[in-house]
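[1] Build the 3D model from these lines:
(one chain, ligands or ions: 1)
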Amino acid sequence: MQFFKMHALGNNYVFVDTKRTTLPTDDVPSLARRVSDVRRGIGSDGLILVTPSERADVGMRIWNADGSEAESCGNGLRCVARYAYERGLVDATHFSIETKAGVVAAQVHLDVAGRVRMVTIDMGVPRFGTEAVRYLGRDRGDDVRVDVGEARYTGTLVNMGNPHFVALVDRVDDVDVESIGRVIESHPNFPDRINVEFVAVLDSDEIDFRVYERGSGVTFACGTGACASVAALARKGYVGRRVTVHLLGGDLDIELRDDGHVWMTGEAHWVCEGTYYA
Ligand SMILES: N[C@H](CCC[C@H](N)C(=O)O)C(=O)O
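    Below you'll find the predicted structure:
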């Protein structure tokens, strides 16, 4: 199977263009687990298929490293946009990409050599709280509480197509993201599990961000998580409508538009192309 690897702020995926290569199996969850394995496979945060689409110029589906399928993936979308433009799947700098969560608008920004330097994605309209994210506990409204050992974490539930628990903390470096994120990610009150973000407000246009991703664990970046975090913090009045998000792997520029849509701008990088022997 022919694959290519890309990363966006260190959130890295194995990509397969299903029009240009044949999958060795129709058990995609198993394939995602195998290619994501850094010792026996290629090593990545998951597997992304680039597919034909009836509703958009390009289709994208994402599976996490544990084989679970996610509804959307912001960093993956920026990588797919760069691939689609530079490999001629689209012939304009503005085009659409279909995900399981719906169709999004993409725009590539070129350097003087015509290579994609940055990508902007309209990530759609966030929805908040226990009406928007499946939750089995007693809390109601935007914020819910989760007990982790002796500590209690309050998070805003945000649906960006995929589910997020956004917890406001004083300093992200003081949080044991791996062990606390792991408990919240698979807490029984979240039957679909959940992506877990820990965010600290540095200024009205700047936040620090760490993430424990559903199905992949601690990653260097999460585009949907950055959008969910800015939307949740803006809703509480802690930040404005244009925010720089400092993730482990680098920065994302998030903008809340008047129509409620969240726009994300950031890099996408090629790593390699090759043949995977299943
Ligand atoms: N890294 C991705 C998020 C993957 C989401 C996945 N972990 C899930 O929702 O299960 C991003 O840049 O948005």
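[2] Model confidence at the residue lying farthest from the centre of the chain, what's the number?
    Distance to the chain centre peaks in the chain at residue 150, reaching 29.8 Å (criterion: CA atoms, centre = their mean). For residue 150, the pLDDT comes out at 94.
[3] what's the distance between it and the ligand?
    With distances taken as CB to the nearest ligand atom, to the nearest Å, residue 150 is found 28 Å from the ligand. (Each C-beta comes from the backbone N, C-alpha and C, glycine too.)
[4] How much space separates that residue from residue 156?
    22 Å (CB to CB, to the nearest Å).
[5] do the same with residue 165
    8 Å.
[6] So the two - more neighbours on which side?
    When neighbours are counted by other CB atoms under 10 Å, residue 165 and residue 156 differ, and residue 165 comes out ahead with 31 against 26.
[7] Report whether that one is found in a strand, as I expect.
    Yes. Residue 165: assigned to a strand according to DSSP: H, G, I helix; E, B strand; the rest coil.
[8] ok, it - contacts?
    Residues in contact with residue 165 (CB atoms under 8 Å, 6 or more residues apart in numbering) are 144, 146, 155, 156, 157, 184, 190, 194, 195, 196, 197.
[9] so of those, which ones are in helices?
    Of the contacts of residue 165, the ones assigned to helices by DSSP state H are residue 184.
[10] Please list which of the contacts of residue 165 are also close to the ligand.
    By CB under 6 Å from any ligand atom, the members of the contacts of residue 165 lying near the ligand are residue 195.
[11] Compute the number of surrounding residues for residue 19.
    With other CB under 10 Å as criterion, residue 19 counts 10.
[12] Please apply the same query to residue 228.
    32.
[13] Which of the helices or strands spans it?
    Element membership for residue 228 (DSSP states H and E) is helix 223-235.
[14] quick one: buried residues of the helix or strand just after that helix?
    Of the helices and strands lying after helix 223-235 in sequence (DSSP H and E), the nearest is strand 242-247. For strand 242-247, a neighbour-count test (16 or more other CB atoms under 10 Å) marks 243, 244, 245, 246, 247 as buried.
[15] could I get the residues you listed as TSV with pLDDT and distance to the ligand?
    Below are those laid out as TSV (pLDDT from 0 to 100; distance: CB to the nearest ligand atom, whole Å):
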residue	pLDDT	distance to the ligand
243	98	16
244	98	17
245	98	12
246	98	15
247	98	10
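[16] Tell me how this structure divides into domains.
    For the chain, automatic domain parsing gives the domain ranges 2-124+266-275, 127-259.
[17] Up against the ligand, what does the protein have?
    Counting by CB under 6 Å from any ligand atom, the residues of the chain near the ligand are 11, 64, 70, 73-75, 162, 195, 213-216, 219, 222-224.
[18] Which ones among those map onto helices?
    74, 75, 223, 224.
[19] quick one: which of those is most hemmed in?
    Comparing those by number of neighbours (other CB under 10 Å), residue 75 comes first, having 35 neighbours.
[20] and the gap between residue 89 and the ligand?
    For residue 89, the distance to the ligand - CB to the nearest ligand atom - is 20 Å.
[21] how about residue 145, what does it touch?
    With the criterion set at CB under 8 Å, 6+ apart, residue 145 makes contact with 137, 139, 152, 153, 154.
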